[in-house]
Structure formats: C-alpha cells, structure tokens
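In: could you work out the structure for the sequence below:
(one chain, ligands or ions: 1)
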Amino acid sequence: MDTNKEVSQTLTLLKGKHILITGTTGFVGKVMLEKIMRTVPEVGGVYLLIRGTRKHANAGSRFANEIASSSVFEFLKLNAPDYFNDFCHTKIHCVSGEITEHQFGLPREEFRKLAGNIDAIVNCAASVNFREELDRALSINTHSLRNIVELSELGGNIPVIQVSTCYVNGFNQGHIHESTSVPAGGEIPRHRDGYFEVGNVIEELEHKIAQTQQQFEGRELKNQLVELGIREANAYGWNDTYTFTKWLGEQLLLKSLRGYSLTLLRPSIVESTLREPSPGWIEGVKVADAILLAYAKEKVTFFPGKRSGVIDVIPADLVANSILLSLAEQFKKPGGHHVYQCCSGSANPLTLGTFIDHLMTEAKENHGSYDKLFARRPRKPFIAVNRQLFTAVALCLNAVLSVVNTTLLKLGFKRGLKAKRNLDAAMALSTIFSFYTEPEYIFHNDKLLNLAKRMGKADQVLFPVDASAIDWETYLRKIHMAGLNCYALKGRKQPLNKAPQNISAAQKQVA
Ligand SMILES: NC(=O)c1ccc[n+]([C@@H]2O[C@H](COP(=O)([O-])OP(=O)(O)OC[C@H]3O[C@@H](n4cnc5c(N)ncnc54)[C@H](OP(=O)(O)O)[C@@H]3O)[C@@H](O)[C@H]2O)c1
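Out: Just a heads-up that it's a prediction; the model follows:
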C-alpha cells in the first residue's frame, strides 16, 4: 500500500503557516475559520482583520462577541473545549482594521509588521448587497484590493486567495468555465496577458459618483447611488452592482499581481453546510431563502423563474474546503494565477423546478417541524412564471390594488390592503433576485475537481469539494430547511449537534 497517499498534502502544506483572513464576522469566513481550527491544528497562526463597530470598538472584542460565541463552534466547544480555548489564545491574532482604508488604517509600522508575520492572505470581506450604493460597493469590492496588493508586495509577494463569485460572469450565457470572464456588455480593453484594463471604467464611475453627490443629498442621494450602480452594471454586462464591482476587483488583482501567487475562488450561491461542522449550519438569509421566507409568511406565491434553469447552490463547507485546497496549492507551487469555480451546476445540476418542488413538498408534509419558518401549513403553491407573464400580472394587479389601497388609507385603515403589501414584496424581491431564479448559464468546476484530484485521496476525504454526490432532496428537505429554521432565524433553539460524517478524522487531528 502506498502510505504517502494517506497523508494530507493540505495539512502538510499549511503546517506552521500564518494566514491573514478578512471577513470572518461573515458567513463564509466563519465556516472557513472553524474548519481551520478543527482540522488544521498545526497551522502556525490565523490573523483576523476585523473593523471596530459602535458596539465592539476593536477586533478582539468583536472576535469574542461575534465570532467565538457563534454556534458554528458548538461542535468544537462540545468535543474539544480546551483545544478550542487554547487555539483562540495562542493562534488567533486579532487585528483592528478597516479594509477600505489605506493600509487598513493601521500605522505604517504595524502594517509592515503584519506583512512580515503572514504567509498568505484570504480575502473574504465584501459587500454582498446586490444593490449597494455604487461608491460603497466600489470601495469595499474593488478599491480595497489595492491594500491587499500592497500588503502582499510588502511581504515579498505573499499569495492571495480572493473569494469572488461565479456571478462575475454577468450576463454571459451557456457553459461558463474557470477563466477570466469577459464583459457581456460595454467594451473594455483587454491586455494581452488576459485581464481587462479597468482604470478608465473606474475613473468614469468615480466621476459619475461625484456628480451624483453634488446633485443630491440624504435619502435621495442614497437612492441615486443605488440606481447609478445598477445602471452602470447593466450597461457593462452585469445584473447588479455587487457582481460588477467584484469583477472589477478581480481585474485589479490580475493586473497588479501578474507573475505572483493569486487564486480567484468563485463560489456560486452559498447555502447551509452539507456536513461540517454540523449539517445545515447557516448564517443570514441568502438569495433563495429570502424568497422562501416570503412564501412561508404567505407574502409571495408567484415569482419570475425558469423551472428548467440550473440554480447553482453550493454548501458552505465545500466552499471552505475549496479555499483551503487552493491555499495549500499556492504554498506547493507559488507564482501562478488560478481561477476556480466552487459550484454544483455542471457536476450535479439542480433545476429551479426541482428546488421549488422539494421545498414545497417538505413545507406541506412537515411544516410543523419548522416552527420559525411556517406558522401553519402553506395553503397555496409557489409558482414560478416567466418574467413577461410575472410583469404583466403584477402590473395589472398593482393597478387594481392601488386604487383599493388608496381608498382604504383615506378611510383611515393605517396598513392599507394586505394583498397590495404582498404584491409590493414580490415585486421588490423580483427586482433584486429574479436574475438568479432565471438562470441561463451553467457553471463548470473541472479545474477545481482536478485540483482536488491532484491533492490526493486524503484531502478528498478531509476537504471534499465535489458536489456531485449531494442528494438534493435530502439536502434541501432535511438539512437546509432544518438549518434555516435552527440557525438562520432569530430566537433559534439550541441545536442538537450531529457529528459530521468525517468528524472522527478531524477529531484525531484535534486530539
Ligand atoms: N454568501 C454567498 O452566497 C456568496 C456567494 C458567492 C460568493 N460569496 C463571496 O464570499 C465572501 C463572503 O461572503 P459572505 O456571504 O460571508 O458575506 P457576509 O456574511 O456579508 O460577510 C461579509 C464580511 O465582509 C466584511 N466586510 C464588509 N465590509 C468591510 C469593510 N469595509 N472592512 C472590513 N470588513 C468588511 C464583513 O465585516 P463586518 O461584519 O464588519 O461588516 C463580513 O465579515 C464574499 O467575498 C462574497 O463575495 C458569497
């Protein structure tokens, strides 16, 4: 037997390494940090860049109150409490910084020291608000990457893993592979090295932002900056400001880190964990879940959607594993650029129709098990219709309901008509999410699967990334719905932790 095959290359390559991670107060960042703590005990250290808030002024306080206290660590705290505490005290280094400020707002010497202390950067921080004000989205998703580049250069070209998104591919349709994505809209010059020259685009955007800021103020300024973001994104070939500014960020990195170590790791729609640290762990309400919640509250029963389209969902633990595999790869063979898509569309396509049917069946049969989701058995089906039909029906209904609503308001009924409020909710949700429920693309992940293959059998067990084995019915009905009910919704119950399937291996690492 070849014993080498049993050694995890990733564990070997991460041994003794110090990694800076941004965005660990968020969903994906937490799952990744937990995985490192549980599975990579010999990592040298983890530096967490966290900004202060009004409630918790510095990174240490936010780590204690918003990260270490999270239910994501319940399994570890339950099974290895001393190890967890020891790791927090000896290997976690909290850095108070604002990623959008020059050198994260740190004194120069501290920034330099940070660069000297770390071996890799995993940048998870982002504004994931699809309709963010353009200036804010540009600042966090694009400009802040200059600080990442500066840190990398200062430390002698420290490898950078940029957590991006499959949706940087914008309005492109069909089969989408792991490479630099080409804008589907406006002309942007392309450098012979493959990246796009976005300097002029960003300058133009800044100019339009400045003009808007001169013309408007207060609430109206905010609205105008949101609309400007969407208009510009659409013109260049993206559905929303988030994905457009993430794409611009990719281009800045591809240009600035030419010849150095860079991985663009693009997840699709990240949903609750499949297995680790416990099945169904999730934080916040994501794309499809916002619609499911609105349905559960009986606000939305029809929505624009393409039932035959492949909605690309990927459990968060597979995303964390992909990040760690690609990080290990950068230590193994530094100096290259890689693009990986962490997705399910090509390997195990889940159509929107199947997605809806599984959730609806579970809601009908077992709504009582999801007390925070459903107040009672759903009475109406959820129907996906094409966008033209949705728009036509919504406009007609809106015209009729608006008249009745106005009359009711005049008569002193403060909340107006419930049906009108529900229609408004459906229309608002469709404005934000319908691009994602009408998929005209299939994301491929052959390169990521090849990476997993190259890293060997042990890593395929410890760091699985392949979505092909997911049984969607079980995942959606028994894992994801339960996770939403238990973790994502307020006033949750204490969860009963079920051991992840490969936990015995992980426990051995911990012990
Ligand atoms: N969730 C998905 O479905 C999905 C899909 C594809 C790709 N991704 C990518 O995955 C990454 C993580 O997403 P997520 O879902 O975990 O998002 P999230 O839960 O909203 O977390 C975002 C993180 O970014 C941090 N951040 C935002 N602005 C910051 C700033 N100015 N300075 C410092 N930190 C800042 C947040 O910190 P604060 O707590 O201080 O705000 C938070 O830790 C993002 O890069 C996103 O593009 C996510």
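In: any idea how many residues pack against residue 248?
Out: By other CB atoms under 10 Å, 24 other residues sit near residue 248. Every residue, glycine included, has its C-beta placed from N, CA and C.
In: what's the answer for residue 227, then?
Out: 15.
In: for it, give me its contacts.
Out: With contacts defined as CB atoms under 8 Å, 6 or more residues apart in numbering, residue 227 has no neighbours.
In: quick one: average confidence on whichever strand or helix holds it?
Out: Assigned by DSSP states H and E, residue 227 falls within helix 218-236. In this model, helix 218-236 has an average pLDDT of 97.
In: tell me which residues in whichever helix or strand comes after it are buried?
Out: Sequence order places helix 241-256 as the next helix or strand after helix 218-236, per DSSP H and E. Buried residues in helix 241-256, counted by 16 or more other CB atoms under 10 Å: 241-256.
In: now the angle from helix 241-256 to helix 218-236?
Out: Inter-element angle recorded for helix 241-256 and helix 218-236: 60 degrees (by axes from the mean of the first three to the mean of the last three CA atoms, to 10 degrees).
In: helices and strands around helix 241-256, which ones?
Out: helix 134-138, helix 144-154, strand 160-163, helix 218-236, strand 262-267 (3 or more CB pairs under 8 Å, 6 or more residues apart in numbering; DSSP states H and E).
In: which helix or strand in the protein has the lowest average pLDDT?
Out: The weakest-scoring helix or strand in the chain, judged by mean pLDDT, DSSP states H and E, is helix 503-510 (a mean of 30).
In: what about dumping the CA coordinates of stretch 329-349 to CSV?
Out: Only the C-alpha atoms of stretch 329-349 are listed here, as CSV (Å, rounded to 0.1, in the frame of the first residue of the first chain):
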residue,chain,number,x,y,z
GLU,A,329,-1.8,24.7,-3.8
GLN,A,330,-0.3,28.2,-3.6
PHE,A,331,2.2,27.0,-1.0
LYS,A,332,3.0,23.9,-3.0
LYS,A,333,3.6,25.8,-6.3
PRO,A,334,3.8,29.5,-5.8
GLY,A,335,3.7,32.1,-8.5
GLY,A,336,0.7,31.2,-10.6
HIS,A,337,-2.7,32.5,-11.3
HIS,A,338,-5.6,30.2,-10.8
VAL,A,339,-9.4,30.6,-11.2
TYR,A,340,-11.7,28.1,-9.5
GLN,A,341,-15.4,27.9,-9.5
CYS,A,342,-16.9,26.2,-6.5
CYS,A,343,-20.3,25.2,-7.8
SER,A,344,-22.7,22.4,-8.5
GLY,A,345,-24.2,23.2,-11.9
SER,A,346,-22.1,21.0,-14.1
ALA,A,347,-21.5,18.1,-11.8
ASN,A,348,-24.9,17.8,-10.2
PRO,A,349,-27.4,20.1,-11.8
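In: when you give positions from now on, start the count at 376
Out: In the new numbering, first residue 376, that becomes stretch 704-724.
In: tally of neighbours for the closest residue to residue 745 other than its chain neighbours?
Out: Closest residue to residue 745 apart from its sequence neighbours, by CB to CB, 6 or more residues apart in numbering: residue 860 at 4.3 Å. The tally of other residues near residue 860 (other CB under 10 Å) stands at 20.
In: if I look at residue 860, how far off is the ligand?
Out: 19 Å (CB to the nearest ligand atom, to the nearest Å).
In: and that residue, helix, strand or coil?
Out: Secondary structure, DSSP: H, G, I helix; E, B strand; the rest coil: residue 860 is helix.
In: do you know how far residue 596 is from the ligand?
Out: Residue 596 is 19 Å from the ligand, by CB to the nearest ligand atom.
In: doesn't residue 746 make contact with the residue nearest to residue 745?
Out: Yes: Residue 860 lies in contact with residue 746 (CB atoms under 8 Å); the separation is 6.9 Å.
In: joint contacts of these two?
Out: Listed as contacting both residue 860 and residue 746 by CB under 8 Å, 6+ apart is no residue at all.
In: can you read off the pLDDT for the residue nearest to residue 745?
Out: pLDDT at residue 860 comes out at 92.
In: ok, now which ones touch residue 610?
Out: The contact partners of residue 610, by CB under 8 Å, 6+ apart, come to 560-561.
In: look up how far the ligand lies from it.
Out: Distance from residue 610 to the ligand, by CB to the nearest ligand atom: 22 Å.
In: separation between that residue and residue 577?
Out: Separation of residue 610 from residue 577 (CB to CB, to the nearest Å): 14 Å.
In: for residue 559, same thing?
Out: For residue 559, the distance to residue 577 - CB to CB - is 19 Å.
In: quick one: pLDDT of the residue in the stretch 376-525 of the chain that the ligand sits nearest to?
Out: At 2.0 Å from the ligand, residue 401 is the closest residue in the stretch 376-525 of the chain, using CB to the nearest ligand atom. With respect to pLDDT, residue 401 scores 97.
In: and it, what does it touch?
Out: Neighbours of residue 401 in contact, by CB under 8 Å, 6+ apart: 499-500, 503, 658.
In: keep only the buried residues of helix 616-631 that also lie close to the ligand.
Out: The residues of the buried residues of helix 616-631 that also fall near the ligand, by CB under 6 Å from any ligand atom, are residue 621.
In: quick check, nearest of the buried residues of helix 616-631 to the ligand?
Out: Nearest to the ligand among the buried residues of helix 616-631, with distances taken as CB to the nearest ligand atom, is residue 621, at 5.8 Å.
In: residue 693: helix or strand, and which one exactly?
Out: helix 691-707.
In: that helix vs strand 637-642, what angle?
Out: Using the same axes, to 10 degrees: helix 691-707 against strand 637-642 is 170 degrees.
In: report all helices and strands that helix 691-707 contacts.
Out: Counting by 3+ CB pairs under 8 Å, 6+ apart, helix 691-707 packs on helix 384-389, helix 402-414, strand 495-498, strand 535-538, strand 637-642, strand 644-646, strand 712-717, helix 821-830.
In: save the ones you listed as TSV, and put in mean neighbour count too.
Out: Formatted as TSV, the helices and strands packed on helix 691-707 follow (neighbours: other CB atoms under 10 Å):
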stretch	mean neighbour count
helix 384-389	20
helix 402-414	24
strand 495-498	25
strand 535-538	25
strand 637-642	26
strand 644-646	23
strand 712-717	24
helix 821-830	18
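In: can you say which of those is nearest to residue 813?
Out: Of all the helices and strands packed on helix 691-707, strand 644-646 sits nearest to residue 813, with 13.6 Å by CB to CB.
In: got a list of contacts for that closest one?
Out: For strand 644-646, contacts defined as CB under 8 Å, 6+ apart pick out 402-403, 657, 661-664, 686-691, 694, 811, 855.
In: stretch 472-483 too?
Out: For stretch 472-483, using CB under 8 Å, 6+ apart, the contacting residues are 397, 424-426, 434, 470, 486, 489, 498, 500, 514-515, 518-519, 522-523, 525-526.
In: which residues sit against stretch 434-447?
Out: 399-400, 405-406, 408-409, 423-428, 430-431, 463, 467, 469-472, 652, 656, 658, 862, 867, 870.
In: could you tell me how far the most centrally placed residue in the chain is located from residue 688?
Out: Residue closest to the average C-alpha location in the chain (CA atoms, centre = their mean): residue 645, at 5.5 Å. Distance of residue 645 to residue 688, computed by CB to CB: 8 Å.
In: residue 734: what's it in contact with?
Out: By CB under 8 Å, 6+ apart, the neighbours of residue 734 are 667, 757, 851-852, 856.
In: what about those residues, which are in helices?
Out: 667, 856 (DSSP state H).
In: the contacts of residue 734 into JSON lines, with extra columns for pLDDT?
Out: Shown next, in JSON lines, are the contacts of residue 734 (pLDDT from 0 to 100):
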{"residue": "667", "pLDDT": "85"}
{"residue": "757", "pLDDT": "85"}
{"residue": "851", "pLDDT": "96"}
{"residue": "852", "pLDDT": "95"}
{"residue": "856", "pLDDT": "93"}
